[in-house]
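Student: just coords:
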Ligand code: ADP
């Protein structure tokens, strides 16, 4: 083999055949072609030889006693995948050849063969092996490169993560440098530290660890938050995402940890501020609503619900037009359109209608909430001005009534005075008659002006009473007597039922008399001709109780709660039968209240009314006995 020593062989080939001649011819031919050739006489020997020495190619006969060529092929393919195998088969045995190719043989040569053709097949097989090898190396190289790149990407990712990443079994085996930010410990300090440190703030450590194991067992992530004590002793909220690295036993985990203390704090602050504002809205005394672009209510506050009488559930079904009085819809929808386009509307007035049909006058502002130029919702804050509107209406009515009331007696006084001054009194008419008319009208005018003065004193807080011991019994009787002539004009009788044993009270006699006059003259005023009025006075429950009962026109039930309000008149129209200003009962109420008593009315329309008031006894009789 001098040739092969001088230059490298074209390849190493193991020739396996039980027929000596065939085997030797082949070996010699291949050697002469520059191959390094070894021979084996059986399959068994071939396998043993291949175990000792590496071959580029095995050229084996299929049919051999003992171990067959197919068995040699499969052994070589598993044990020496780098070694190519070419089979030598009989022409008739193509079946085996196909099977051999399936098992990984490079090629097959059929007997009898031409030696030149055989050497070409060997050359081709070795070429194929070389190409395969190259391809394999190339693939390996590519794979290695990809691995390297992905490793680089991975470590860049881990290093650039804002979160801390830790790998641990029982102890921490690896971590990135972000651990210092999150836990206050350096990478070096954490390496080898017991992993339970990560769950140190957990109230139930074993349960937490169990949860991690449970979640990660089925390759799921564990996600949870936990409190951890940092190196400086401060406690931080950490959000963990933990997964298990599958192949390891005992299990190895990788944890991504993020400090969410600040986020938690902000969430809490946001929640608190939301609660604060919600509370503010909920307890506001104004009606607050937000309405979406379709006119549906997105939010209404408690006052809104209370005023309009709807539940939260019912509001969901409503649209803006459902709560507007019919005549308000056009201008409100016009405003809604303007607000939807980004405008604000202030001091708008409207009338809402409650679930049970009550009209509610409101005044307020509506503004849009826009996002990226699009309407999110319109926000309205309204004040219930129903009462104010009613007072405004009553004031207007009052002004016109008062003017009328003042003008009538004044015209009469002026007229008669002028007649007397000009000496134009008709002959049989004595001055006295005219003068008494002037006197009566002046009296009326003075009462009216006094009432107005009283109201202005009450309103400005300057109204006071002067208490002195007085006899209510005498006062009530006197008033009844004084008004009896007025009553008689209408054929009305005043019946007195005054207890004889009424004790004295500490009170403002003038003011209580004013109350009594007002109640009794109202009783006369609102009684039909020929009726009867009863005046009662007695001690009742540590107070003196005075009651005036008439059988007059009565008062409708819905008017009763308003009787003692200023300017209130049951029939407020200018065409009403009786004159008046609606101030009398208001002043009576204020006087009785200033005495610590109570005033109220009971009535049935068409049957009559009873007005009652109490004046507390200065000293409780039971107590005075004890003294
Ligand atoms: P006015 O000056 O209008 O009488 P008041 O305050 O004294 O003012 O009374 C208010 C209203 O209460 C009256 O306008 C009347 O409608 C009603 N009213 C008062 N007393 C009686 C009564 N005895 N019977 C029926 N209605 C009454």
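Tutor: Cool, got the structure. Given the structure is predicted, the values throughout are model-derived calculations rather than measurements.
Student: where do the helices sit along the stretch 501-627 of the chain?
Tutor: In the stretch 501-627 of the chain, the helices defined using DSSP state H, counting those that start in this stretch lie at 509-525, 584-594, 621-626.
Student: what of the stretch 251-400 of the chain?
Tutor: Going by DSSP H, counting those that start in this stretch, the stretch 251-400 of the chain shows helices at 261-282, 302-308, 312-316, 329-340, 386-421.
Student: what's the closest of those helices to the ligand?
Tutor: Checking the helices of the stretch 251-400 of the chain against the ligand by CB to the nearest ligand atom gives helix 386-421 as the closest, at 8.2 Å. Any C-beta I mention is one placed from the backbone N, CA and C, and that applies to glycine too.
Student: number of nearby residues for residue 54?
Tutor: 11 (other CB atoms under 10 Å).
Student: tell me, how many neighbours does the residue of the stretch 151-300 of the chain found nearest the ligand end up with?
Tutor: The ligand sits closest to residue 285 of the stretch 151-300 of the chain, with a gap of 29.8 Å, by CB to the nearest ligand atom. Per other CB under 10 Å, the neighbour tally for residue 285 reads 8.
Student: sorry, back to before: output the helices of the stretch 501-627 of the chain as TSV; include the columns distance to the ligand.
Tutor: Formatted as TSV, these follow (distance: least, CB to the nearest ligand atom, whole Å):
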stretch	distance to the ligand
helix 509-525	4
helix 584-594	3
helix 621-626	31
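Student: show me what contacts the closest residue in space to the residue of the stretch 151-300 of the chain closest to the ligand that isn't next to it in sequence?
Tutor: Leaving aside its sequence neighbours, residue 285 sits nearest to residue 303 (CB to CB, 6 or more residues apart in numbering; 6.1 Å). For residue 303, the contact set (CB atoms under 8 Å, 6 or more residues apart in numbering) comprises 284, 285, 286, 287, 288, 384.
Student: could you redo the last one with a cut-off of 7 Å?
Tutor: Listed by CB atoms under 7 Å, 6 or more residues apart in numbering, the contact partners of residue 303 are 284, 285, 286, 287.
Student: cool, residue 256 as well?
Tutor: Counted by CB under 7 Å, 6+ apart, residue 256 has contacts 163, 165, 241.
Student: go on, residue 325?
Tutor: 351, 353, 359.
Student: where's it relative to the ligand, distance?
Tutor: 28 Å (CB to the nearest ligand atom, to the nearest Å).
Student: state the pLDDT value of that residue.
Tutor: Confidence at residue 325, expressed as pLDDT, is 95.
Student: list phi and psi for it.
Tutor: Here is the backbone geometry of residue 325 (degrees, to the nearest 10): phi -70, psi 140.
Student: quick one: the strands in the stretch 451-600 of the chain?
Tutor: Assigned by DSSP state E, counting those that start in this stretch, the stretch 451-600 of the chain shows strands spanning 468-470, 493-498, 505-507, 532-539, 543-549, 599-604.
Student: minimum distance to residue 327: which of the helices of the stretch 501-627 of the chain has it?
Tutor: Residue 327 lies closest to helix 584-594 among the helices of the stretch 501-627 of the chain, at 32.7 Å (CB to CB).
Student: any residues touching the closest one, and which ones?
Tutor: 451, 454-455, 458, 463, 465, 511-512, 514-515, 518-519, 522, 563-566, 598-599, 613.
Student: how far off strand 543-549 does that helix point, in degrees?
Tutor: 170 degrees (axes from the mean of the first three to the mean of the last three CA atoms, to 10 degrees).
Student: quick one: mean pLDDT over helix 584-594.
Tutor: 95.
Student: what comes up buried for it?
Tutor: 584, 585, 586, 587, 588, 589, 590, 591, 592, 594 (16 or more other CB atoms under 10 Å).
Student: ditto for stretch 378-389
Tutor: Here stretch 378-389 shows 378, 379, 380, 381, 382, 383, 384, 385, 386, 389 as buried, counting by 16+ other CB under 10 Å.
Student: kindly report the same for stretch 462-478.
Tutor: 463, 470, 472, 473, 475, 476.
Student: end-to-end on that stretch?
Tutor: 29 Å (CA to CA, to the nearest Å).
Student: next one: it to chain centre, how far?
Tutor: Chain-centre distance of stretch 462-478: 61 Å, with CA atoms, centre = their mean, to the nearest Å.
Student: now what about it, what contacts it?
Tutor: Against stretch 462-478 from outside (CB under 7 Å, 6+ apart): 454, 457, 496, 498, 502, 504-509, 511-513, 516, 535, 537, 544, 546, 590-591, 594-595, 615.
Student: of the contacts of helix 584-594, buried ones?
Tutor: Counted by 16+ other CB under 10 Å, these give 451, 454-455, 458, 463, 511-512, 514-515, 518-519, 522, 563-564, 566, 599, 613 as buried.
Student: on that earlier part again, any idea which of the helices of the stretch 251-400 of the chain gets closest to residue 371?
Tutor: helix 329-340 (13.2 Å).
Student: by contact count, what packs against that closest one?
Tutor: Applying 3 or more CB pairs under 7 Å, 6 or more residues apart in numbering; DSSP states H and E, we find helix 329-340 packed against strand 345-353, strand 359-371, strand 374-384.
Student: and the shortest one, what other elements does it pack with?
Tutor: Just to be clear, that refers to strand 345-353. Counting by 3+ CB pairs under 7 Å, 6+ apart, strand 345-353 packs on helix 329-340, strand 359-371.
Student: with mean pLDDT added, can I get the ones you listed in a markdown table?
Tutor: What follows is those, written out as a markdown table (pLDDT from 0 to 100):
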| stretch | mean pLDDT |
| --- | --- |
| helix 329-340 | 91 |
| strand 359-371 | 94 |
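Student: now these as a markdown table including distance to the ligand?
Tutor: Listed next are these as a markdown table, based on distance: least, CB to the nearest ligand atom, whole Å:
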| stretch | distance to the ligand |
| --- | --- |
| helix 329-340 | 36 |
| strand 359-371 | 23 |
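Student: let me have those in JSON lines, extended by mean neighbour count and distance to residue 29.
Tutor: Shown next, in JSON lines, are the helices and strands packed on strand 345-353 (neighbours: other CB atoms under 10 Å; distance: least, CB to CB, whole Å):
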{"stretch": "helix 329-340", "mean neighbour count": "16", "distance to residue 29": "99"}
{"stretch": "strand 359-371", "mean neighbour count": "16", "distance to residue 29": "89"}
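Student: nearest to residue 70, out of these?
Tutor: It is, among the helices and strands packed on strand 345-353 and with distance given as CB to CB, strand 359-371, at 77.5 Å.
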